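J.: Quick one, structure for this:
(2 chains)
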Amino acid sequence: MPSVPQITKVQELIYELPIERVMTKDVVTVSPDTLMSELKDVLRVNRISGVPVLEQGRLVGVVSIEDLIKALESGETSATVGEKMSTKLVTVLAADSIVEAVKRFAQTKVGRLPIVNEQGDLVGILTGGDVTRGLLEAIGLDYHAEEISRYRARHIFEDIVSDQTGLILRYRVHPRDFQTGGGASSKLKRALDRLGARPQIIRRVAIAAYEAEMNLIIHADEGGELIAEIQPHVIRITAVDTGPGIPDVEQAMRPGFSTAPNWIRELGFGAGMGLANIKKCADSMKLESRVGAGTRLEITIYLQPQQNSESGREAQKSEAES
Amino acid sequence: MITLEKVADELELEVISCAGVLGRPVLGGYASDLLSCVMARAKQNFLWVTLQSHVNVVAVASLLGLAGVIITEGNKPDQDTIARAEKEGVVLMLTPSTTFSVVSELASLGVTGEAKHP
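T.: Modelled structure (predicted):
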């Protein structure tokens, strides 16, 4: 099993949210002089199962429905709350995170916790139900905020007006860095998803960008740069490096041709399919190279279907197959 | 429709990352050790069978949105690779069997090389 712990949104919130955000603030209280028979009505009318006991504004105990049942069973309805309440006070600070309350629930098995401020004044009460409700609400709010943020990202090109708006993402790609290989393409993929591009388009961009990125990692002496320029209707990905350069571009384009060394092939790279894959995914591609100077690969993919593009049609055809 | 869980059970695979998402559907399969071929042919929610076990397997699986990866012949990814898979939501499963055996078992479960629609 994986040793890496997975932190869920709920776990995060348990640590993040302060108790005061989820506790019940409108607290029903009784005094030590209240009779158990009166307590019965307080619990019934308010539909609650326990209340804090205050004496001159000071928290002195908690009395619960269990205490009431015990008193009823032994016929002690005229006993006072002060005699039957629990005085072992377990309280939690309002400013503490929910996790403190959860711990306390687990340790003590109490059903409700009086919540106090720094001065020790009662400011609220917390039950398991409050925690559940509070968390569900917070997740809902977060979900809403995420939706809004996605909506904004999707409409960024409508919000920003210019004669030609473009978003430029640059990624530095290091030579022989197989460890983070594919990282730039992953980030680009996420950005396009964020911007609301169609899944089939994102897939083509991801494949083309990945192959271009791996080419820089495998072949470029000094690595290179992957630059994506996203415009409302088109994305242009450019991979540039400073050498060694490709002696025969036509040969390099041929499927199955590769100059990758054996140790790289053993990792599953160097199948000679990289440029062919890019060509298949791109609406157009341009490869310029000079030995000793470097290589520049430009990939264009339209974000909307194009009627007049040969390879675009081909790409869409393979899209339809998938 | 067949899920990763069913595949893992039937083939007695050791799930080493993202065990929480085994409910994922498997819409088809692809087997190759050449990453570019996988990039070109494996489709979303496909199972990928390979003996490669290095970290780029995770990158490819994540970029393509694959259902999961079965790593064959007892190859084991290192801790970094497992951590990366966990982070990217890629399900890695191990088996001592060969790629050929795994593929034939998958075929008997109805997993094919063509995309099935859920």
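
J.: quick one, what contacts the nearest residue in space to B:Leu35 that is not next to it in sequence?
T.: Once flanking residues are discounted, B:Leu35 sits nearest to A:Gly268: 4.5 Å by Cβ to Cβ, 6 or more residues apart in numbering or on different chains. C-beta: built from backbone N, CA, C; applies to glycine. Residues near A:Gly268 by Cβ atoms under 8 Å, 6 or more residues apart in numbering or on different chains: B:Asp33, B:Leu34, B:Leu35, B:Thr50, B:Gln52, B:Asn56, B:Val57.

J.: try 10 Å this time
T.: B:32-38, B:50-52, B:54, B:56-57, B:60 (Cβ atoms under 10 Å, 6 or more residues apart in numbering or on different chains).

J.: any idea how far A:Ser64 lies from B:Pro96?
T.: 58 Å (Cβ to Cβ, to the nearest Å).

J.: More neighbours: which of those two?
T.: A:Ser64 (20 against 11; other Cβ atoms under 10 Å in any protein chain shown).

J.: what pLDDT does the more buried one get?
T.: Model confidence at A:Ser64, given as pLDDT, is 91.

J.: what do you get for the one 10 residues further on?
T.: Looking at A:Ser74, its pLDDT reads 90.

J.: For burial, what's the neighbour tally of it?
T.: Other residues close to A:Ser74 by other Cβ under 10 Å number 9.

J.: next one: the one 10 residues further on
T.: Number of residues near A:Lys84 (other Cβ under 10 Å) recorded here: 19.

J.: Next up, the contacts around it.
T.: A:Pro32, A:Met36, A:Leu39, A:Val53, A:Gly61, A:Val63, A:Ser64, A:Asp67, A:Leu68, A:Lys70, A:Ala71, A:Glu76.

J.: From those residues, which land in strands?
T.: For these, membership in strands holds for A:Val53, A:Gly61, A:Val63, A:Ser64, with DSSP state E as the criterion.

J.: and the first one, bridged to which residues?
T.: So the one you mean is A:Val53. A:Val30, A:Gly61 (DSSP bridges).

J.: show me where the chain has strands.
T.: By default, I'm working from chain A. A:50-55, A:58-64, A:92-93, A:112-116, A:122-127, A:167-173, A:224-230, A:234-241, A:284-290, A:294-302.

J.: look at chain B instead
T.: B:14-15, B:28-31, B:46-50, B:68-71, B:92-94.

J.: Which neighbouring elements make contact with the last one?
T.: Identification of packing neighbours for strand B:92-94 by 3 or more Cβ pairs under 10 Å, 6 or more residues apart in numbering or on different chains; DSSP states H and E yields helix B:4-10, strand B:14-15, helix B:55-64, strand B:68-71, helix B:79-88.

J.: pLDDT weak spots in the stretch 1-150 of chain A?
T.: Applying pLDDT under 70 to the stretch 1-150 of chain A flags residues A:1-8.

J.: residue boundaries of the helices in it?
T.: A:9-16, A:36-46, A:65-73, A:81-84, A:98-108, A:128-154 (DSSP state H, counting those that start in this stretch).

J.: Equivalent analysis for the stretch 201-322 of chain A, please.
T.: Under DSSP H, counting those that start in this stretch, the stretch 201-322 of chain A gives helices at A:249-253, A:262-266, A:274-281, A:310-321.

J.: Which one of the residues in chain A is closest to chain B?
T.: Nearest residue of chain A to chain B: A:Gly182, at 2.8 Å (Cβ to the nearest Cβ).

J.: mind listing what the spatially closest residue to that residue that is not a sequence neighbour touches?
T.: Using Cβ to Cβ, 6+ apart and skipping the chain neighbours, the partner closest in space to A:Gly182 is B:Ala59 (2.8 Å). When contacts are counted by Cβ under 10 Å, 6+ apart, B:Ala59 touches A:178, A:180-183, A:185-186, A:210, A:213-214, B:35, B:84-85, B:88, B:90.

J.: just the residues you listed now: which is nearest A:Leu126?
T.: Checking the contacts of B:Ala59 against A:Leu126 with Cβ to Cβ, the nearest one is B:Glu88 at 37.5 Å.

J.: Now the closest one: closest residue in space, sequence neighbours ignored.
T.: Nearest residue to B:Glu88, sequence neighbours excluded (Cβ to Cβ, 6+ apart): B:Ser62, at 4.1 Å.

J.: Verify the stated contact: that neighbour with A:Lys189.
T.: Yes - between B:Ser62 and A:Lys189 there is a contact at 8.6 Å, judged by Cβ atoms under 10 Å.

J.: between the two, what contacts are shared?
T.: A:Gly182, A:Ala206.

J.: mind listing what residue 100 touches?
T.: All of this is about chain A. Contacts of A:Glu100 by Cβ under 10 Å, 6+ apart are A:Ile14, A:Tyr15, A:Pro18, A:Ile19, A:Val92, A:Leu93, A:Leu113.

J.: wrong chain, I was asking about chain B
T.: Contacts of B:Phe100 (Cβ under 10 Å, 6+ apart): B:Ala31, B:Val49, B:Thr72.

J.: wait, what's in contact with the first one?
T.: Put plainly, it is B:Ala31. So B:Ala31 contacts B:37-38, B:41-42, B:47-51, B:70, B:72, B:99-100, B:102-103, B:106, B:113 (Cβ under 10 Å, 6+ apart).

J.: Quickly list what the closest residue in space to it that isn't next to it in sequence is bridged to.
T.: In space, and not counting its chain neighbours, B:Ala31 is closest to B:Val49: 4.1 Å by Cβ to Cβ, 6+ apart. Beta-bridge partners for B:Val49, by DSSP bridges, are B:Ala31, B:Ile70.

J.: pretty sure A:Arg21 is in contact with A:Ala101, am I right?
T.: No - with contact defined as Cβ under 10 Å, A:Arg21 does not count as touching A:Ala101 (11.6 Å).

J.: Show me which of these two is the more surrounded one.
T.: A:Ala101 (24 against 15).

J.: Is there a neighbour count for B:Ser17? I'd like the number.
T.: B:Ser17, neighbours per other Cβ under 10 Å, totals 26.

J.: can you tell me the distance between the two ends of stretch B:74-81?
T.: 16 Å (Cα to Cα, to the nearest Å).

J.: where's the nearest residue to B:Met1 once chain neighbours are set aside relative to chain A, distance?
T.: The shortest distance from B:Met1 to any non-neighbouring residue, by Cβ to Cβ, 6+ apart, is to B:Pro25 (5.1 Å). As for B:Pro25, its distance to chain A is 16 Å (criterion: Cβ to the nearest Cβ, to the nearest Å).

J.: tell me the contacts of B:Glu73?
T.: B:Glu73 makes contact with B:Thr50, B:Leu51, B:Ser53, B:Leu94, B:Thr95, B:Pro96, B:Ser97, B:Thr98, B:Thr99, B:Ser101, B:Val102, according to Cβ under 10 Å, 6+ apart.
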